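Visitor: here you go, sequence then predicted model.
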Amino acid sequence: MDKRTKFTLSEEEIPRYWYNIQADLPEPLPPVLHPGTGNPITPDDLAPLFPMELIKQEVSTERWIEIPEEVRDIYKLWRPTTLYRAHRLEKFLDTPAKIFYKYEGSSPPGSHKPNTAVAQAYYNKMEGIKRIATETGAGQWGSALSFGGACFDLEIKVYMVRISYDQKPYRRVMMETWGAKCVPSPSNETKAGRDMLAKDPDCPGSLGLAISEAVEDAVSRDDTHYALGSVLNHVMLHQTVNGLEAKKLMEKLDVYPDIIIGCIGGGSNFAGLFFPFVKDKIDGTKPDLRIINVEPASCPTLTKGPYAYDFGDAAGLTPLIKMYTLGHGFIPPPVHAGGLRYHGMAPLICHLYRLGFVEARAEHQLATFQAGITFARTEGIISAPEANHAIKAVIDEALKCKESGESKTILLAHSGHGHVDMAAYDAYLSGKLHDYEYPREMVEEALAQLPKV
Ligand SMILES: Cc1ncc(COP(=O)(O)O)c(C=O)c1O
């Protein structure tokens, strides 16, 4: 086994195609439904929100979709990203496991999000769109789209979940530095926001609510489209550039992971890493591969939610998507992993979970910060609170190897750095952070409002 710590590809080796898992699903995804008619939606229904190229990608079953040269050129600013062997963490844990991590924190905004933000900005620009409205949870997606907007001279408006806006003020400054405008959500600028403020002036916001505001903004103006940073099929597609790089790097090392682990909010960073590998499980060449999705115990969509049709946003403006959900009206507790506070989950991940190709587990926030501190003190990287969820599960699996004496290969999807999350680390280090119990009653209330399909 190679003793090196860092493994990289050349710029020439950045993938030229994204991998579309819809080509290899044993059963197709359930259709997305129009909320008014209950019928499957058509491309025309989505045209006020997205450019036609993205709508086509959303439903495409072609296995390989070409990455436009303009997008690949911008990817070169930070791609290919590095695959690390976590020698120091392995030593600290005294485990025979071999731990690798593919690190997306070296992009300009500090996460995986620009893999799709740049592509989405490009396709909107090609269609003559001048302005994009979006939501952001932790601020990573808002920053990434702001950066994408700067690359293609587009105006970007970001509705940022109030609790994250307060917890991470420097994210707003990053967005403004790239030329975007950012307001806290709920805001006074949309009906969805005003309705929520009338009900609860102190509402911490949620991704579902911020999506409602951004969608309302986009449909109210002809020059504006909407962009989503996770959940949708085309977002997962763009993120596969990362998994394809990881697979090529591991092939060169002649290793194949036994376990792949990542955190999931809407699912995009982890889907991007594991889709090119789960293909081998679907076609039977790697039947024993384990893929573990990690979510917050306070927002446990896959582990506790039913598989049902629901709205993607809080106000009920989006089409109906079949997914594991905690109910579109559910406002998750204000954990610091803002990017994981979403009531639903990518339909592609839900489908693979239901078919038994992937597993899920939920973690409490304190244990994830403890894991993040261990990672920082061994590997050096201060991770985003979202990524700490995955790190927690990696440490647990590596310790199981220590007990059993097995030398498994674990691949971690490391989605981003936590440099703008210092307030969260400060709260943890000074003993002010606490866990939130699973809010059963609030979820039950929200699930009672699921649309009848
Ligand atoms: C660093 C980081 N990791 C993970 C996520 C979760 O999103 P997704 O599940 O789409 O990767 C976010 C979302 O904001 C994020 O910022």
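Guide: Nice, thanks for sending it over.

Visitor: assign a three-state SS to Val335, would you?
Guide: With DSSP: H, G, I helix; E, B strand; the rest coil as the basis, the three-state label of Val335 is coil.

Visitor: report the buried residues of the one helix or strand Ile373 maps to.
Guide: If you go by DSSP states H and E, Ile373 is part of helix 365-378. Buried residues in helix 365-378, counted by 16 or more other CB atoms under 10 Å: Gln365, Ala367, Thr368, Phe369, Ala371, Gly372, Ile373, Thr374, Phe375, Ala376, Thr378. Placement of C-beta: from N, CA and C, glycine included.

Visitor: again, but for stretch 416-425
Guide: Buried residues in stretch 416-425 (16+ other CB under 10 Å): Gly416, His417, Gly418, Val420, Asp421, Ala424, Tyr425.

Visitor: please apply the same query to stretch 198-215.
Guide: Result for stretch 198-215 [16+ other CB under 10 Å]: buried residues 203-215.

Visitor: is there any residue in the helix holding Ile373 that contacts the ligand?
Guide: No: using CB under 6 Å from any ligand atom, helix 365-378 stays clear of the ligand, with a minimum separation of 11.7 Å.

Visitor: please save the CA atoms from that helix in PDB.
Guide: Below are the C-alpha coordinates for helix 365-378, written out as PDB (Å, rounded to 0.1, in the frame of the first residue of the first chain):
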ATOM      1  CA  GLN A 365     -24.500  17.700  17.500                       C
ATOM      2  CA  LEU A 366     -22.100  17.400  20.500                       C
ATOM      3  CA  ALA A 367     -20.700  14.100  19.400                       C
ATOM      4  CA  THR A 368     -20.100  15.500  15.900                       C
ATOM      5  CA  PHE A 369     -18.200  18.500  17.200                       C
ATOM      6  CA  GLN A 370     -16.100  16.200  19.400                       C
ATOM      7  CA  ALA A 371     -15.200  14.200  16.200                       C
ATOM      8  CA  GLY A 372     -14.500  17.500  14.400                       C
ATOM      9  CA  ILE A 373     -12.000  18.500  17.100                       C
ATOM     10  CA  THR A 374     -10.300  15.100  16.900                       C
ATOM     11  CA  PHE A 375     -10.000  15.500  13.100                       C
ATOM     12  CA  ALA A 376      -8.600  19.100  13.500                       C
ATOM     13  CA  ARG A 377      -6.000  18.000  16.000                       C
ATOM     14  CA  THR A 378      -4.800  15.000  13.900                       C
END
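
Visitor: check which helices and strands the helix or strand following it sits against.
Guide: Next along the chain after helix 365-378, taking DSSP H and E as the criterion, comes helix 385-404. Here helix 385-404 touches helix 87-93, strand 98-103, strand 259-263, strand 290-296, strand 359-363, helix 365-378, strand 409-414, going by 3 or more CB pairs under 8 Å, 6 or more residues apart in numbering; DSSP states H and E.

Visitor: reformat the ones you listed as a markdown table; add mean pLDDT and distance to Lys76.
Guide: As requested, these are exported to a markdown table (pLDDT from 0 to 100; distance: least, CB to CB, whole Å):
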| stretch | mean pLDDT | distance to Lys76 |
| --- | --- | --- |
| helix 87-93 | 98 | 28 |
| strand 98-103 | 98 | 17 |
| strand 259-263 | 99 | 25 |
| strand 290-296 | 98 | 29 |
| strand 359-363 | 98 | 35 |
| helix 365-378 | 98 | 28 |
| strand 409-414 | 99 | 21 |
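
Visitor: let me have these in JSON lines, adding distance to Val235 as columns.
Guide: Shown next, in JSON lines, are the helices and strands packed on helix 385-404 (distance: least, CB to CB, whole Å):
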{"stretch": "helix 87-93", "distance to Val235": "30"}
{"stretch": "strand 98-103", "distance to Val235": "18"}
{"stretch": "strand 259-263", "distance to Val235": "15"}
{"stretch": "strand 290-296", "distance to Val235": "16"}
{"stretch": "strand 359-363", "distance to Val235": "19"}
{"stretch": "helix 365-378", "distance to Val235": "24"}
{"stretch": "strand 409-414", "distance to Val235": "15"}
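
Visitor: what's the closest of these to Gly142?
Guide: When the helices and strands packed on helix 385-404 are compared by CB to CB, strand 259-263 sits nearest Gly142, at 18.4 Å.

Visitor: what lines up beside the closest one in the sheet?
Guide: With DSSP bridges as the test, strand 259-263 is paired with strand 290-296 (parallel), strand 409-414 (parallel).

Visitor: residues from the stretch 101-250 of the chain in reach of the ligand?
Guide: With CB under 6 Å from any ligand atom as the criterion, the stretch 101-250 of the chain meets the ligand at residues Ser111, Gly137, Ala138, Gln140, Trp141, Ser230.

Visitor: what's the local residue count around the first one?
Guide: Meaning Ser111. 28 (other CB atoms under 10 Å).

Visitor: to Glu445, which of the strands paired with strand 259-263 lies closest?
Guide: Set against Glu445 and scored by CB to CB, the strands paired with strand 259-263 come closest in strand 290-296, at 19.1 Å.

Visitor: report the contact partners of Phe274.
Guide: For Phe274, the contact set (CB atoms under 8 Å, 6 or more residues apart in numbering) comprises Gly243, Ile260, Gly262, Ile291, Val358, Ala413.
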